[in-house]
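Q: sequence plus the predicted model coming up.
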Amino acid sequence: MHDRLGLFGLGGESFSEDLPLVALNVPADADFPRLKAVLLQGEAEGWWQFEEACVTDAWNSA
């Protein structure tokens, strides 16, 4: 995950080893279309599942 998403300058935190949840903070100047493509590809390949929360209009329209 870090290899695929680290290029976007994301911040975040992980929950625990027993419950491997990660919360990511996406900077306002991130490449939203490219990031969304990586998230969707990772989900399709079975690397992770993701949910969006507290998103902006810029994120929704990307």
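A: Yes, it's here. Residues are numbered from 1 along each chain as shown.
Q: where in the protein is pLDDT low?
A: Of all residues in the chain, none has pLDDT under 70.
Q: and the longest helix belonging to it, what's buried?
A: For the chain, the helix with the greatest residue count under DSSP state H is helix 32-44. Residues 32, 35, 39, 42 are the ones in helix 32-44 that count as buried (16 or more other C-beta atoms under 10 Å). All C-beta atoms are positioned from the backbone trio N, CA, C, and that covers glycine.
Q: what sits up against that helix?
A: 1, 4-5, 8, 26, 48-50, 58-59, 62 (C-beta atoms under 8 Å, 6 or more residues apart in numbering).
Q: mind running it again at 7 Å?
A: Helix 32-44 is contacted from outside by 4-5, 8, 26, 48-50, 58-59, 62, using C-beta atoms under 7 Å, 6 or more residues apart in numbering.
Q: what about the helices in the protein?
A: With helices called from DSSP H, the chain shows them at 2-5, 32-44, 57-61.
Q: report the distance from the longest helix of the chain to the chain centre.
A: 8 Å (C-alpha atoms, centre = their mean, to the nearest Å).
Q: before we move on, what about stretch 54-62?
A: Worked out by C-alpha atoms, centre = their mean, stretch 54-62 lies 13 Å from the chain centre.
Q: can you give me the end-to-end span of that stretch?
A: This stretch, stretch 54-62, spans 15 Å end to end (C-alpha to C-alpha, to the nearest Å).
Q: again with stretch 12-28
A: With C-alpha to C-alpha applied, stretch 12-28 spans 14 Å between its terminal residues.
Q: name the residues that touch it?
A: Residues outside stretch 12-28 that contact it (C-beta under 7 Å, 6+ apart) are 1, 9-11, 35.
Q: could you dump those residues into CSV and include distance to residue 54?
A: Output for the contacts of stretch 12-28, formatted as CSV (distance: C-beta to C-beta, whole Å):
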residue, distance to residue 54
1, 20
9, 18
10, 14
11, 14
35, 15
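Q: give me the buried entries from the residues you listed.
A: Among the contacts of stretch 12-28, the ones that count as buried by 16+ other C-beta under 10 Å are residue 35.
Q: out of the contacts of stretch 12-28, what pair is the most spread apart?
A: Across the contacts of stretch 12-28, the longest distance by C-beta to C-beta is 14.6 Å; it joins 1 and 9.
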